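Colleague: Just to be clear, the model below is a prediction. Sequence and coordinates:
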Amino acid sequence: MLSSGLPFADWARSSELLLQGSLAHPGPLTLAVVFSGGLLTSLGPCSLSLLPVTLAYLAGFGTEPQGRAPWQRSVSFAAGIVAALVLLGLASGLMGRLYGRIPGQLPLLVAVVAVVMGLNLLGLLRLPLPA
């Protein structure tokens with residue numbers, strides 16, 4: 001008896017291979033693949049929970065001056081989201097590069113910090129953290 005998750009795993013594996021091939025040899029399909037991946041990523045619970053706030057912001061406010069068009073709000077909102085995600089991606093890439101270049105010291109430090117924080121959360125090790 002096959003599990004119901006097997007076709008999904010095969011689909012995920014094939015889509016990962018398609019993305020790797022598209023990024024290795026960029027072409028017209030690359031933009032469509034990356035856009036589709038971003039669209040699927042935005043359908044997660046964290047993003048969808050912000051949908052009411054986003055729609056309320058883009059719809060406008062009752063006491064707003066008439067000079068600002070809805071398309072200006074939409075463009076500024078999208079630009080802010082893109083700028084924040086680009087900065088977070090750059091910081092993540094930089095940290096990943098640093099993490100990979102220091103072979104033993106940084107992973108060991110991260111592991112020690114994780115274990116100490118875990119012991120603190122379990123109450124086995126009390127750290128005087130600010131309230």
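Modeller: The structure has been received and is ready for your questions. Numbering: from 1, shown residues only.
Colleague: Mind checking what secondary structure residue 127 has?
Modeller: Three-state assignment for residue 127 (DSSP: H, G, I helix; E, B strand; the rest coil): coil.
Colleague: Relative to residue 104, how far out is it?
Modeller: Per C-beta to C-beta, to the nearest Å, residue 127 is found 25 Å from residue 104. Every C-beta, even on glycine, is put in place using the N, C-alpha and C of the backbone.
Colleague: how far does the host helix or strand of residue 78 sit from the chain's center?
Modeller: Element membership for residue 78 (DSSP states H and E) is helix 70-101. Distance, stretch centre to chain centre, for helix 70-101: 9 Å (C-alpha atoms, centre = their mean, to the nearest Å).
Colleague: buried ones in that helix?
Modeller: If you call a residue buried by 16 or more other C-beta atoms under 10 Å, then helix 70-101 has these buried ones: residue 73.
Colleague: That one - what's its average pLDDT?
Modeller: Helix 70-101 comes out with an average pLDDT of 85.
Colleague: From the contact counts, what lies against that helix?
Modeller: helix 51-59, helix 105-122 (3 or more C-beta pairs under 8 Å, 6 or more residues apart in numbering; DSSP states H and E).
Colleague: what angle sits between that helix and helix 105-122?
Modeller: In terms of direction (axes from the mean of the first three to the mean of the last three C-alpha atoms, to 10 degrees), helix 70-101 departs from helix 105-122 by 110 degrees.
Colleague: could you give the angle of helix 70-101 to helix 51-59?
Modeller: For helix 70-101 against helix 51-59, the angle by the same axes, to 10 degrees is 130 degrees.
Colleague: From residue 29, how far out is the spatially most central residue of the chain?
Modeller: For the chain, the residue nearest the mean C-alpha position is residue 85 (7.5 Å; C-alpha atoms, centre = their mean). Going from residue 85 to residue 29 by C-beta to C-beta gives 23 Å.
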